[in-house]
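Peer 1: here's my sequence, what's the structure:
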Amino acid sequence: MSTDTDDNSPERPRDQSGSAGSSLASILGPLRGSYALQTAAVGAVVTVIAFIVNTGIWPAILGVWGIALALVGVTIHVVVTISQRGNLG
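Peer 2: Modelled structure (predicted):
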């Protein structure tokens, strides 16, 4: 009456992804399911592009739009999270 405790059993295959892939997936996981966080991420990218360009009027426009998108995305995400938390109990 012994139990086989082999970790390579066919019922439970081993995870072949590396630690870098799993950490990237853990970072991008919430972005895939939330349009608000996607909006905030796009705002962050646009703001970084504005800092990289840093010449002329376009960086100012991109900076304002980027910060606005990031703030709107984070605000919507927080409001939705708080409203859902009230329904959980």
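Peer 1: tell me the centre residue of this protein?
Peer 2: In the chain, the C-alpha closest to the average C-alpha coordinate belongs to residue 31, at a distance of 3.4 Å (CA atoms, centre = their mean).
Peer 1: any weak-confidence spans in this structure?
Peer 2: Within the chain, the segments meeting pLDDT under 70 span 1-21, 88-89.
Peer 1: can you give me the helices in it?
Peer 2: With DSSP state H as the definition, the chain shows helices at residue ranges 19-32, 35-53, 58-88.
Peer 1: and those, which is most packed in?
Peer 2: Between these, helix 35-53 has the highest mean count of neighbours, a mean of 16, where neighbours are mean count of other CB atoms under 10 Å. Where you see a C-beta, it was placed from the backbone N, CA and C, and this is true even at glycine.
Peer 1: residue contacts, residue 76?
Peer 2: Taking CB atoms under 8 Å, 6 or more residues apart in numbering as the criterion, residue 76 is in contact with 36, 39.
Peer 1: state the distance from it to residue 48.
Peer 2: 21 Å (CB to CB, to the nearest Å).
Peer 1: residue 74 too?
Peer 2: Distance, residue 74 to residue 48, by CB to CB: 16 Å.
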